[in-house]
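Asks: sequence unknown, structure follows:
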């Protein structure tokens, strides 16, 4: 299946300097992909010449006169900058010219513009931000929501599980295991909202719609116990930032020990291959590319400070999702779900929505 990506070349801290080489690498790796480079033509052309990147038959330029800055308020991106590279890239997904959009731009602006233009899928109340985190068994765990929704209801967590299942399946996880993040594994633990979410997820599992394995705790995210972990955006964002902070701290500690004295330098040299593998495993750049799931089109957010390697990973995730038909799979699973209210009706029977 051929796929076309609309890329906001101007977004993020570095703009064309990092996004253009990443696009070129993707084109070289995948002979079926096409890329639409959205941005200010003069800036792109200057960078292409500087880096000696030549024209590619599967790349085209889409002009946009404006750029959404990293500190622009959402209102500016949504109502004033209507010819921004971010908005134009999302519009290409809306009109079917591209199957996914990738941007390093302002997260709040990207979510607002994407939701305004694409709208949510039937059965989805709120889009969610999802990304992969490394785990101890050599793979990765998909986690959502990571900040789009700080105040959730139980039905939203069920929807997150559906979206995560479709996304993980597109990445090669057959029948992915879903865990609900909680303060303990026991069914009786957690807030009323979490307990109700657990009831809805168990019902979906009993009906064969989802592979729900129960509650998981914070350390289970990195054990590889579940392929998908669902939570509200407040908890998810805290977990993500903590993970990134720990990775940077460990990397700094390794550099410090390597330079401290002769003894530690010799020891470090002996275990250098192991340290190098560890740094690659926890490098946030390898897991760059968060999906805005639940929209009528695919939108991916790259870290604003991502270099060419990191942005390329976001492009890879977008291409993978486009190839895997994530939006269509979310719609398919949603069509089979009939969440039941676990509280008893007056006559003792279950309420059915």
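Replies: Happy to help now that I have it. Because the structure is predicted, anything quoted here is derived from the model rather than measured.
Asks: contacts and neighbour counts: CA atoms only from here.
Replies: Fine.
Asks: Show me which helix or strand of the protein is least confident by mean pLDDT.
Replies: The helix or strand of the chain with the lowest confidence, counting by mean pLDDT, DSSP states H and E, is strand 350-352 at a mean of 34.
Asks: who's in contact with the residue most central in space within the chain?
Replies: In the chain, the C-alpha nearest the mean C-alpha coordinate belongs to residue 290, at 1.9 Å (C-alpha atoms, centre = their mean). Residue 290 sits next to 129-132, 300-302, 314 when contact means C-alpha atoms under 8 Å, 6 or more residues apart in numbering.
Asks: who does it bridge with?
Replies: residue 301 (DSSP bridges).
Asks: ok, it to residue 318 distance?
Replies: 9 Å (C-alpha to C-alpha, to the nearest Å).
Asks: Please enumerate the shared neighbours of the two.
Replies: Counting by C-alpha under 8 Å, 6+ apart, the residues touching both residue 290 and residue 318 are residue 300.
Asks: Which strand or helix spans residue 5?
Replies: Secondary structure from DSSP states H and E places residue 5 in strand 3-8.
Asks: Report pLDDT for the residue nearest to the centre of the chain.
Replies: Looking at residue 290, its pLDDT reads 94.
Asks: what about the residue nearest to residue 218 when sequence neighbours are not counted, neighbour count?
Replies: Counting by C-alpha to C-alpha, 6 or more residues apart in numbering, the nearest residue to residue 218 once its immediate chain neighbours are dropped is residue 181, at 6.9 Å. Neighbourhood size, residue 181 [other C-alpha atoms under 10 Å]: 26.
Asks: again with residue 242
Replies: 12.
Asks: what sits against it?
Replies: Taking C-alpha under 8 Å, 6+ apart as the definition, residue 242 has no contacts.
Asks: separation between it and residue 329?
Replies: According to C-alpha to C-alpha, residue 242 and residue 329 sit 31 Å apart.
Asks: Residue 55 too?
Replies: Separation of residue 55 from residue 329 (C-alpha to C-alpha): 35 Å.
Asks: now residue 317
Replies: For residue 317, the distance to residue 329 - C-alpha to C-alpha - is 16 Å.
Asks: So for these two, which sits in the more crowded spot?
Replies: Ranked by neighbour count (other C-alpha under 10 Å), residue 317 and residue 329 place residue 317 first, with 23 against 18.
Asks: pLDDT below threshold where in the stretch 51-200 of the chain?
Replies: 53-54 (pLDDT under 70).
Asks: Starting from residue 157, give me the distance back to residue 116.
Replies: According to C-alpha to C-alpha, residue 116 stands 22 Å off from residue 157.
Asks: and those two? which has more neighbours close in?
Replies: Comparing residue 116 with residue 157 by other C-alpha under 10 Å, the one with more neighbours is residue 157, at 25 against 12.
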